[in-house]
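K.L.:
curious how this folds, go ahead:
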Amino acid sequence: MAVTSNTQDRILFTFVICISLLFISASFFAGPLGELLPGLWRIQISPQVLTTDATAVGGLNGALLNAGLLGLAAAALLRFSGADAGGSMGAFFITLGFAFFGKNLLNIWPIILGSYFHAKLKKEPFKSYAPTALLACALAPLISEVLFNRYLVYPLWLGISAATLLGVIIGLVFPAITAQAVKFHKGHNLFNAGVSAGFFAFLLFSVYRTLLLRPLGLDRQYSLNSVLSEGFPLFFTVLLGIVFLGAIAAGYILSGRSFAGYRTLLGRSGFQADFLASDGVGSVLINFGVLGFVSLAYFHLGGAPFTGPTVGALLNILAWAGKGSHPRNVIPIMLGYWFISLPAAWDLTNQSMAVALCFATGLAPLSGRWGWWWGIAAGALHASIAFYTPTIYGGFNLYNGGFVAGIVAFLLVPVLEAFFKERTPSVESPVE
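P.N.:
Numbering: from 1, shown residues only. So this is what the prediction gives:
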C-alpha cells in the first residue's frame, strides 16, 4: 500500500496518541480510584534522581496516569510544532518510558522553555528543536531537586524561580552540545542525547556539590534515590502485549497484508538509518511490535522485575524502531549481557542491569555494521561499565545507559574501523 509522507506522519501520531490514551484508560483499573489523583500528585513532588520508581511513589495507577498524560503532552508538542514524525518517534517513546522513573508533568517544562528560547535566538523554527527539547529532559531530575530540595528548606517561590532559571539554561545549551555529541561515537549510539546529558549532568552536579552541598556540610548526606516497587509482571505483560500486537496488525495491513517489506528492513545494518523513509510506516510498526515481543521474552527468560524503571527502559528499546534498531542487530547485544552475567555477581533479576541492558541496545548500528560477535562484545562491555557511572553525576542524568553506550562506541569503533572488515548488510541503509 503506497502511503504518502504526510499520511505516514498522521499514522505515527495517531499511534502514539492511542498508546497514551490506553495508559490513561488502564490507570482507572490499576488501583483504587480514590488513590489515582493523590498518587499522581506524589509523583510530581517527589525527588526524581535515579532510581525513583513512579509505581512505588504514586502506585501503579498514578504511574500510568502520569505516563499517559506526559505522552499526550509530548505528542501535542511534537505535532503542533510541526516536527517530523520519523524523528519524533524516538523522543516520544523516551519521554513515555521515563514517565515511569524520572520525568513528570512538572519537571519537564522549564527545560522545554529553554529549548524554545534556543530556537528563537537562532531564528529557526521550533519544530527543528522540539524532539531535542524532549530529549533534554534527561536532566529533569535536577529541576525536581531544585524545586523540592531534599536537604534544604526554602520558600516555594524561590524553588520555582531557581528551577525555572536552571531549566531554561539547560534547554538553551543542550541542543548545541547534542549536535556535537554524535562526533564522539560517529553515529553508532542511537541514544546520542545520553552522551551530552552525561557530560552536562557531571558538570552541573560537580558545581552543585562544590558551591552548595560541600560548604553546607551536606556532601556526605547526598545519596541516590532508591525507591523501588515489587513489580507487576502480569499487568505489564498484558498491557504491552496489546500494544505490540496492535502495532504488528496495523503494520501488516498498511504493508498490503504482507511481511515482505519487513524482511527487507531486517537486512539493513541500522547505521545512519531512517526506516520510515526507506521501508515505510507499515514495516516500522511491524518492527516496533516484533522488537517489543523480543524484549518481553528476554525479560521473562532473564527474570527481570517488571517495575516502573524496567518497563520504562523497555519502551526506550522501541524508541528507535524507526531509526536503526531491529531484532537482528539488538539480540547480539542482549546476548552480551547474558554472557557477562555468567561470571559476574548479578543477572537480569537485578533492576539496574535490566534497565542498563535496554539502553545498551543503542549500540545496534555497531552490531549491524560488524556482525553478531562484535554486538555481543559491545553488550558485554556496556554491562561492565553501566553499574558504576550513575554516581559521577549524582543520578541527575536519566540516560545513564545512553551515556555508557557512547563510551563503548567511542572505544570500539576506531579499533573496528582500523583493523576489521565491516560486515556488508544485504540491503544498505540510506545515509542521512
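
K.L.:
and Ser226, what does it touch?
P.N.:
Thr51 (Cβ atoms under 8 Å, 6 or more residues apart in numbering). All C-beta atoms are positioned from the backbone trio N, CA, C, and that covers glycine.

K.L.:
how far away is it from Glu124?
P.N.:
41 Å (Cβ to Cβ, to the nearest Å).

K.L.:
need the helices for the stretch 1-150 of the chain, in chain order.
P.N.:
With helices called from DSSP state H, counting those that start in this stretch, the stretch 1-150 of the chain shows them at 5-27, 36-45, 54-57, 59-81, 85-98, 109-121, 130-135, 140-147.

K.L.:
any idea how far the shortest one is from the middle of the chain?
P.N.:
Centroid separation between helix 54-57 and its chain, computed with Cα atoms, centre = their mean, to the nearest Å, is 18 Å.

K.L.:
which secondary structure elements does it contact?
P.N.:
helix 36-45, helix 59-81, helix 308-317 (3 or more Cβ pairs under 8 Å, 6 or more residues apart in numbering; DSSP states H and E).

K.L.:
hang on, the earlier thing: return the most buried member of the helices of the stretch 1-150 of the chain.
P.N.:
Here the criterion is mean neighbour count by mean count of other Cβ atoms under 10 Å, and of the helices of the stretch 1-150 of the chain the winner is helix 54-57, at a mean of 29.

K.L.:
need the contact list for the residue nearest the centre of the chain.
P.N.:
Taking Cα atoms, centre = their mean, the centroid of the chain lies closest to Ile94, which sits 3.3 Å from it. The contact partners of Ile94, by Cβ under 8 Å, 6+ apart, come to 134-135, 315-316, 319.

K.L.:
which one of those sits closest to Asn66?
P.N.:
Within these, the smallest distance to Asn66 is 13.6 Å, found for Leu315 (Cβ to Cβ).

K.L.:
the closest one: neighbouring residues, count only.
P.N.:
25 (other Cβ atoms under 10 Å).

K.L.:
got it, and Val243?
P.N.:
Val243 sits with 19 neighbouring residues when counted by other Cβ under 10 Å.

K.L.:
my guess is it meets Phe23, correct?
P.N.:
No - counting by Cβ atoms under 8 Å, Val243 does not reach Phe23; the two are 9.3 Å apart.

K.L.:
can you show me the helices along the stretch 151-300 of the chain?
P.N.:
156-185, 192-208, 233-254, 260-266, 275-302.

K.L.:
any idea of the angle the second one forms with helix 85-98?
P.N.:
Here helix 192-208 runs at an angle of 50 degrees relative to helix 85-98 (axes from the mean of the first three to the mean of the last three Cα atoms, to 10 degrees).

K.L.:
can you redo the helices and strands packed on helix 54-57 as CSV with distance to Leu239?
P.N.:
Shown next, in CSV, are the helices and strands packed on helix 54-57 (distance: least, Cβ to Cβ, whole Å):
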stretch, distance to Leu239
helix 36-45, 17
helix 59-81, 8
helix 308-317, 9
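
K.L.:
and those as TSV, adding mean pLDDT?
P.N.:
Below are these laid out as TSV (pLDDT from 0 to 100):
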stretch	mean pLDDT
helix 36-45	96
helix 59-81	97
helix 308-317	96
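
K.L.:
which of these sits closest to Ser384?
P.N.:
Taking Cβ to Cβ, helix 308-317 is the member of the helices and strands packed on helix 54-57 nearest to Ser384, at 18.2 Å.

K.L.:
and Ala85, what does it touch?
P.N.:
Per Cβ under 8 Å, 6+ apart, neighbours of Ala85: 8-10, 12-13, 78, 276.

K.L.:
what about the closest residue to Leu218 other than its chain neighbours, how many residues nearby?
P.N.:
For Leu218, ignoring the flanking residues on the chain, the nearest one in space by Cβ to Cβ, 6 or more residues apart in numbering is Tyr151 at 4.9 Å. For Tyr151, the neighbour count with other Cβ under 10 Å is 11.

K.L.:
all good on my end, thank you.
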